[in-house]
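> Pasting the sequence and the predicted model now:
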Amino acid sequence: QVQLVESGGGLVQPGGSLRLSCTASGRTFSNYVLGWFRQAPGKEREFVAAITWSWSGGHTNYADSVKGRFTISRDNAKNTGYLQMNSLKPEDTAVYYCAAGTIPGAQEQYQYNYWGQGTQVTVSS
């Protein structure tokens with residue numbers, strides 16, 4: 001089992017930045033692919049970004065809607081993953097979830113085994 005806890009959400013103005021954290025406990029965090037998803041009100045949960053294991057190069061992939069604005073990273077020594085979000089837009093408003101899985105580059109929810117409880121991000125003036 002892997003337990004994941006997100007933090008860092010909040011209210012930010014358009015154009016602002018936030019950094020989300022995902023802290024893991026349980027099984028070895030470095031053995032898992034880390035993904036971020038989000039769910040806006042009335043919409044389905046969607047893929048945001050993913051990063052593979054550091055020892056395989058830490059390859060990343062992003063949804064087109066966040067490419068160039070968001071950066072995913074991880075610090076296995078701290079059992080923590082991050083999502084740096086810059087140039088935020090109102091349409092980025094959602095609950096953000098981190099997830100752990102074993103499939104590199106996975107973009108579908110069913111490909112992830114463990115989920116956090118989510119953290120709210122609101123982009124509004």
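Great, that's in hand. Residues are numbered from 1 along each chain as shown.
> residue contacts, the spatially closest residue to Gln39 that is not a sequence neighbour?
Nearest residue to Gln39, sequence neighbours excluded (Cβ to Cβ, 6 or more residues apart in numbering): Arg45, at 4.1 Å. Bear in mind the C-beta positions are built from the backbone N, C-alpha and C, glycine included. Residues near Arg45 by Cβ atoms under 8 Å, 6 or more residues apart in numbering: Phe37, Arg38, Gln39, Tyr97, Gln109.
> Mind listing the residues bridging to the second one?
For Arg38, the beta-bridge partners under DSSP bridges are Glu46, Tyr96.
> Closest one of the contacts of Arg45 to Arg27?
Tyr97 (18.6 Å; Cβ to Cβ).
> contacting residues around that closest one?
Under the contact definition (Cβ under 8 Å, 6+ apart), the residues listed for Tyr97 are Glu6, Trp36, Phe37, Arg38, Gln39, Arg45, Trp115, Gly116, Gln117, Gly118.
> buried sites along stretch 78-86?
Neighbour-count burial for stretch 78-86 flags Asn79, Thr80, Gly81, Tyr82, Leu83, Met85 (criterion: 16 or more other Cβ atoms under 10 Å).
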